[in-house]
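Enquirer: quick one: sequence and predicted model below, then my questions.
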There are 2 protein chains.
Amino acid sequence: MAARRPITTPRKQASQERSRVTVDALVEATARLLVRDGFDKASTNRIAQEAGVSVGSLYQYYPSKEALVAAVIDRHNRELMQVVRAALAEVAALPIEKAVRKLVVTAIDAHRLDPKLHRVLAEQIPRTGRLEKVAAFNRDYFILFRDFLESHRDELRAVDLELAAFVCVTSIEALTHTAVLHRSEMLSDEMAETLVDEATRLLAGYLMPREGGRTRQLRRYS
Amino acid sequence: MAARRPITTPRKQASQERSRVTVDALVEATARLLVRDGFDKASTNRIAQEAGVSVGSLYQYYPSKEALVAAVIDRHNRELMQVVRAALAEVAALPIEKAVRKLVVTAIDAHRLDPKLHRVLAEQIPRTGRLEKVAAFNRDYFILFRDFLESHRDELRAVDLELAAFVCVTSIEALTHTAVLHRSEMLSDEMAETLVDEATRLLAGYLMPREGGRTRQLRRYS
DNA sequence: ACACAATGCGAGCGATAGCTCATATTCAGA
DNA sequence: TCTGAATATGAGCTATCGCTCGCATTGTGT
């Protein structure tokens, strides 16, 4: 028996130009409605209307509301990963403390890409059944970060890299997420910078060997 | 004009014994159904049925499904806070590193009180509109933890206690939550202990002054 | 110019949701 | 014992949901 197509998969490819427009409008409208009205009140009828398209067309391309939301999530995750990937590349050669600081800043920036959408996706999408995709981003981030740690192994204290990556990614994500989405008063002034300092200290202190400040850096040239 | 009663407030007090039983059954049934079927499929009709009560009775005491869920959340939060409060009391006299370790262990225990319910509350309840109560727990935890830090100020490096409490609470919560609810394989073996070690190092390293290990403890007797 | 495929339409189906209200039952106090 | 208040009942209302299907319109290849 053929593998059952997940119900969050788009129904068919748009081959003509006008249908591509339709599909884009649908995803865009979904994102707008998610932000404006939230997940529950974003009905397929409303989405179609907002997109200037009929419900029938909607169901030509997406078999369910979940599939539509999944498309929005995928798009958002791609944007996030792009930012994170760029930062990790840019930072690869830096000493770990500088690198970590830059990564914290990036995490905050990423949350500011589209904060309202991010918040809806994080807080209103039922993360069970077919829509576990919300967590997919963190998994990807985790893998990239582990590789990053691996390439800086000589600057680190002896660690289980898997575990360390888990600790770091989870902490960064939680701190920046909460700060941006629930304590936005923190982010206005120089508070943002202070938060970056603190987060950097948290992670750098965790990753780097104890005893004195700049010792181990020599090793990098051995 | 009188303050408008929030729609998550119970409708009336139960004065007779049998109605108290009804109310308890409703809350209990709601929790069970949330776990078994999730938020969306837990309809008021089903909840009433599960409680062995009619819908009408349900609406005598709770004006909406949200109010019922809010009651479940409150109950769960009270249980969590009880555990946390006890731990913080027990730990007040310990040196900060021991204290932090114990608090991490407690956080894990707290997540294990009723993991399935906790997961549903964390992942399926729309945290907008009337049901922001999910976040209330973290606020309470934050305040208690800030007081804890304050009473250990002499063991700490110079810090903004507000900010430090935010960093610590957010990190502990995220690490233990993710570990218990999304990486349960981590928690089976001695991995749990390793995680505790790591989390403790993360926070202790962040809170305590740099340079050498056990220096500052002298100050505690000054 | 013609035929067939691709795309678009939207009234309306069945299901289920949250919730009300007229009515019945049980309890507490006199 | 009797009466009014408290409590319990559940059929059924309205609204909205996700989604289908028969048909109209537009595009493509020949």
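Expert: Arrived safely, thanks for sending.
Enquirer: how about the residues of chain A that lie near DNA strand C?
Expert: A:12, A:14-16, A:18-19, A:21-22, A:45, A:52-57, A:59-61 (Cβ under 7 Å from any atom of the strand). C-betas here are computed from N, CA, C, even on glycine.
Enquirer: in chain A, which spans are helices?
Expert: Using DSSP state H, the helices found in chain A span residues A:17-41, A:44-51, A:55-61, A:65-91, A:96-112, A:115-123, A:133-151, A:161-182, A:184-187, A:191-207.
Enquirer: and the residue lying closest to residue A:42 once chain neighbours are set aside, how many neighbours does it have?
Expert: Excluding the flanking residues, the one nearest residue A:42 by Cβ to Cβ, 6 or more residues apart in numbering or on different chains is residue A:33, at 4.2 Å. Here the number of neighbours of residue A:33 (other Cβ atoms under 10 Å in any protein chain shown) works out to 22.
Enquirer: can you name the residue of chain A nearest to DNA strand C?
Expert: residue A:56 (1.7 Å; Cβ to the nearest atom of the strand).
Enquirer: quick one, which of the residues of chain A next to DNA strand C are buried?
Expert: A:22, A:53, A:57, A:59-61 (16 or more other Cβ atoms under 10 Å in any protein chain shown).
Enquirer: count the residues that sit near residue A:116.
Expert: Neighbours of residue A:116 (other Cβ under 10 Å): 12.
Enquirer: is it in contact with residue A:35, as I believe?
Expert: Yes: assessed by Cβ atoms under 8 Å, residue A:116 is found in contact with residue A:35 at 4.7 Å.
Enquirer: which positions in chain A make contact with chain B?
Expert: Applying Cβ under 8 Å from any Cβ of the partner chain, one finds that chain A approaches chain B through A:38-40, A:123-124, A:126-129, A:135, A:160, A:163-164, A:166-167, A:170-171, A:173-175, A:178-179, A:182-183, A:194-195, A:198-199, A:201-202, A:205-206, A:210-213.
Enquirer: separate out the buried members of those.
Expert: Buried by 16+ other Cβ under 10 Å: A:38-39, A:123-124, A:126-127, A:163-164, A:166-167, A:170-171, A:173-175, A:178-179, A:182, A:195, A:198-199, A:201-202, A:205-206, out of the residues of chain A next to chain B.
Enquirer: for the residue nearest to residue A:42, give its distance to residue A:124.
Expert: Separation of residue A:33 from residue A:124 (Cβ to Cβ, to the nearest Å): 12 Å.
Enquirer: one more: residue A:197?
Expert: Residue A:197 is 32 Å from residue A:124, by Cβ to Cβ.
Enquirer: again with residue A:42
Expert: For residue A:42, the distance to residue A:124 - Cβ to Cβ - is 9 Å.
Enquirer: can you list residues touching both of those two?
Expert: residue A:34 (Cβ atoms under 8 Å, 6 or more residues apart in numbering or on different chains).
Enquirer: what sits against the closest residue to residue A:54 other than its chain neighbours?
Expert: Using Cβ to Cβ, 6+ apart and skipping residues adjacent in sequence, the residue nearest residue A:54 is residue A:48, 5.8 Å away. Each residue near residue A:48 by Cβ under 8 Å, 6+ apart is listed here: A:26, A:29, A:54-55, A:57-58.
Enquirer: list just the nearest of these to DNA strand D.
Expert: Once Cβ to the nearest atom of the strand is applied, the member of the contacts of residue A:48 that ends up nearest DNA strand D is residue A:55, at 4.2 Å.
Enquirer: do you know the pLDDT at that closest one?
Expert: Predicted confidence (pLDDT) for residue A:55: 96.
Enquirer: doesn't residue A:44 make contact with it?
Expert: Yes: Residue A:55 is within contact range of residue A:44, at 6.0 Å (criterion: Cβ under 8 Å).
Enquirer: which elements pack onto the worst-scoring helix or strand of chain A on mean pLDDT?
Expert: None of the helices or strands of chain A scores lower by mean pLDDT, DSSP states H and E than helix A:184-187, at a mean of 80. With contacts taken as 3 or more Cβ pairs under 8 Å, 6 or more residues apart in numbering or on different chains; DSSP states H and E, helix A:184-187 sits against helix A:161-182, helix A:191-207.
Enquirer: just the CA trace of it, in CSV.
Expert: What follows is helix A:184-187 as a C-alpha-only set of coordinates in CSV (Å, rounded to 0.1, in the frame of the first residue of the first chain):
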residue,chain,number,x,y,z
SER,A,184,9.0,43.7,25.5
GLU,A,185,9.6,46.6,28.0
MET,A,186,13.0,44.9,28.5
LEU,A,187,13.9,45.3,24.9
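Enquirer: list the buried residues for that helix?
Expert: A:186-187.
Enquirer: give me the pLDDT for residue A:87.
Expert: Residue-level pLDDT assigned to residue A:87 equals 97.
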